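Asks: need a structure here:
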Amino acid sequence: MYQITCSGCYAKHPAPFAMNRPAGIPEYLLLFIHTKVRFIVGDNPFETEPGQLLLIDKNLPYQYSALENYYMDDWMHFDCLPNEGPSLFPDILNKPITLGNASRVAFYIRQVLWEFSYAPKEFGNENVDMLMHILMNHVRDAVCCHHEKHFYSPYYARLQEIRLRFQSNPGMENNLEDLCRSLSVSPSYFQHLYTKLFGVSFRSDIISMRVEYAD
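Replies: Numbering: from 1, shown residues only. Got it, this is the predicted structure:
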């Protein structure tokens, strides 16, 4: 069972910022990185780009420093049973992971953090465990499928909600201007985001939903 000991979301630190853990930490560390960063994990130096993810093994020395005028990440310290989690998939540990599904991974990280922080105690641990399994499956998918491009958008959760709403009710009004206003984006940017995230334009998606519904 997955257990989180501490976590943070949109944690921001002005430059110069550096973290040094010469003995590592006793749990796994997950970092979803929003800015360019220089790392040394064990004896391995590398740099990361925004939207990449890093899973660092237990008790492994690491250090990192900001390469921009601030540092930002989502982070969590977590542990799990020996027969589950990152230890079963060593190829995802201690190196930057480029995410073709970055927005989806970011969404699940924040859902995990929400459940950890705010869910009723009688449900929180179970919810975190289930969401962590889903999150780790998406991370493994990113590695196994060798995604070469990553795209992150803070609008992913809202666009996902919009798409599911229309999938359930394909006949409902789909005024593009109203949708754009609800997200505070322009129509052209909405269309760009929708196509980038889902691989189909908004209009084409609505038409397909209506055709499937009619069948």
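Asks: I'd say Ser112 and His133 touch.
Replies: One correction, residue 112 is Val, not Ser. No - counting by Cβ atoms under 8 Å, His133 is not a contact partner of Val112; they are 10.4 Å apart. Any C-beta I mention is one placed from the backbone N, CA and C, and that applies to glycine too.
Asks: okay, those two: which has more neighbours?
Replies: For Val112 versus His133, neighbours defined as other Cβ atoms under 10 Å are more numerous around Val112 (26 against 15).
Asks: got the phi/psi numbers for the more buried one?
Replies: For Val112, the backbone dihedrals (degrees, to the nearest 10) come out as phi -60, psi -50.
Asks: now it, nearest residue through space, not along the chain?
Replies: Spatial nearest neighbour of Val112, chain neighbours left out: Leu131 (4.7 Å); criterion: Cβ to Cβ, 6 or more residues apart in numbering.
Asks: Check Thr195 too.
Replies: Going by Cβ to Cβ, 6+ apart, Thr195 has Ser201 as its nearest residue, at 5.1 Å.
Asks: what are the phi and psi angles of the one you found?
Replies: phi -70, psi 160.
Asks: for the biggest strand by length in the chain, packing partners?
Replies: Taking DSSP state E as the criterion, the chain has its longest strand at strand 3-14. Here strand 3-14 touches strand 70-79, helix 102-118, helix 121-144, going by 3 or more Cβ pairs under 8 Å, 6 or more residues apart in numbering; DSSP states H and E.
Asks: tell me the mean pLDDT for that strand?
Replies: Mean per-residue pLDDT for strand 3-14: 93.
Asks: before we move on, the earlier item: could you measure from the residue nearest to Val112 over to Leu113?
Replies: With the distance defined as Cβ to Cβ, to the nearest Å, Leu131 ends up 10 Å from Leu113.
Asks: cool, Val200 as well?
Replies: From Val200 to Leu113 the distance is 30 Å (Cβ to Cβ).
Asks: One more: Pro154?
Replies: Taking Cβ to Cβ, one finds Pro154 at 15 Å from Leu113.
Asks: So if I had to pick from Val200 and Leu113, which one is more boxed in?
Replies: Each of Val200 and Leu113 has its neighbours counted (other Cβ under 10 Å); Leu113 has more, 19 against 14.
Asks: Pull the contacting residues for the more buried one.
Replies: Residues in contact with Leu113 (Cβ atoms under 8 Å, 6 or more residues apart in numbering) are Ser7, Gly8, Cys9, Asp74, Met76.
Asks: how about a cut-off of 7 Å?
Replies: Ser7, Cys9, Met76 (Cβ atoms under 7 Å, 6 or more residues apart in numbering).
Asks: picking up where we left off before, is it correct that the residue nearest to Val112 is in contact with Ala119?
Replies: No - with contacts counted by Cβ atoms under 7 Å, Leu131 stays clear of Ala119, the gap being 10.1 Å.
Asks: what's around Asn169, how many residues?
Replies: Neighbour tally, Asn169, other Cβ under 10 Å: 12.
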